[in-house]
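Colleague: predicted model and sequence follow; I will ask about them next.
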Amino acid sequence: MENNRDKEFDFFISHASEDKDEFVRPFALKLIDLGYKVWYDEYSLKIGDSLLSGISKGIRNSKYGIIVLSKNFFKKTWTKKELEALLTKETLFNNNIILPLWLDITINDVYDFSPLITDKLAIRATTKEIDNIISQIEKKTKLNIISKEVLIEKINSIKNLTEDRRKKYFLDLESRIKNLFHFQQEYYNWYTSDDAFGDKDWDDLLVEEKRIELQKEYNIPDGVWDNTELRVGPKMQILIRLGKKWVYRKMSHLEAAEFHFLMEEYYDIDPHYIMYGFPHKSLKDSTLLNYSFAGLLSIGISTKIDEDKLEKSMAEIFGKYYSPDDDY
């Protein structure tokens, strides 16, 4: 099964080629510069790629479809096909994934083209308003990028929680751990069961539909990295116990090493989501991963961090868990 951590784009942009220079290219570049993964034909298709296959992959593997509606868009055959595919995906998964941008058109123009999309809240698009447009898209999709400043502020706020707030924060952290484990166990049990696909060997559409259903049930946001082989058991409780010590700043060097190792290596699940509530994909800047780990140490170990002791602790934990006979 594909690892959902890396396969998705944040946005698929459907547009008419005539609108590239005026709006679409600067808009797409701004999204990319901010760290979003964008399927945009000029950068996502290479010479020799199949147009149909590339677009199909982009639509299938994108969280949202941005459609830049314009008079040029209305005249194109390909844009109509892309919109139809996005509408089909929206219907199949019962998810509002289409984000219309209106480029120099009126509601009457949209209605004449497709009455189905006139009831979707649209954003009026101009090149001068790109920052505002992206801000509105972020509010709708909740795909905000986590900056260095936001992460550091979060780390400092956890350090300075009151006793009551610390208790509440631990309960939230415990809930995130349990939800991840139960979500993955149910998902795994379902797609490995004999009757998951009836008489078919595999059905990508049904798998994705079930995943979305269970994500909603267990309150797992998009962008969280997870492990399809997680199972509820004693070691989930170990993670919860270590998480409590982390929140209450009562970790030894060995416990900090174990907490990090279990999330990052042994379970291969999202430590940033567990600790801070930020899905892995919201940390677009790879340097923030180091800040996240530094936060694990500075929050969990309230005394001075001894680097030599920490290194020895990591080696000891690796030896403790890295056994072919060990189980989740």
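Modeller: Sure thing, it's come through.

Colleague: do a quick rundown of the helices in the stretch 101-250 of the chain.
Modeller: Counting by DSSP state H, counting those that start in this stretch, the stretch 101-250 of the chain has these helices, from start to end: 107-113, 130-141, 148-159, 163-191, 204-217, 234-247.

Colleague: can you put these in CSV and add mean pLDDT, mean neighbour count and distance to residue 66?
Modeller: Every residue, glycine included, has its C-beta placed from N, CA and C. Below are the helices of the stretch 101-250 of the chain laid out as CSV (pLDDT from 0 to 100; neighbours: other C-beta atoms under 10 Å; distance: least, C-beta to C-beta, whole Å):
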stretch, mean pLDDT, mean neighbour count, distance to residue 66
helix 107-113, 91, 14, 15
helix 130-141, 86, 15, 7
helix 148-159, 89, 15, 24
helix 163-191, 92, 16, 28
helix 204-217, 85, 15, 20
helix 234-247, 94, 18, 37
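
Colleague: possible to save the ones you listed as a markdown table with distance to residue 18?
Modeller: Shown next, in a markdown table, are the helices of the stretch 101-250 of the chain (distance: least, C-beta to C-beta, whole Å):
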| stretch | distance to residue 18 |
| --- | --- |
| helix 107-113 | 16 |
| helix 130-141 | 18 |
| helix 148-159 | 38 |
| helix 163-191 | 43 |
| helix 204-217 | 33 |
| helix 234-247 | 53 |
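
Colleague: ok, which of these comes nearest residue 302?
Modeller: Ranking the helices of the stretch 101-250 of the chain by proximity to residue 302 (C-beta to C-beta) places helix 148-159 first, at 8.6 Å.

Colleague: name the helix or strand of the chain that has the lowest mean pLDDT.
Modeller: Least confident helix or strand, the chain: helix 4-7 with a mean of 42, by mean pLDDT, DSSP states H and E.

Colleague: can you name the element that comes right after that helix?
Modeller: Going down the chain from helix 4-7, the next helix or strand is strand 9-14, by DSSP states H and E.

Colleague: can you list contacts of the helix or strand just after that next one?
Modeller: If you walk from strand 9-14 toward the C-terminus, the next helix or strand you reach (DSSP H and E) is helix 25-33. Residues outside helix 25-33 that contact it (C-beta atoms under 8 Å, 6 or more residues apart in numbering): 10-11, 13, 38, 40, 42-43, 68, 125, 127, 130-131, 133-134.
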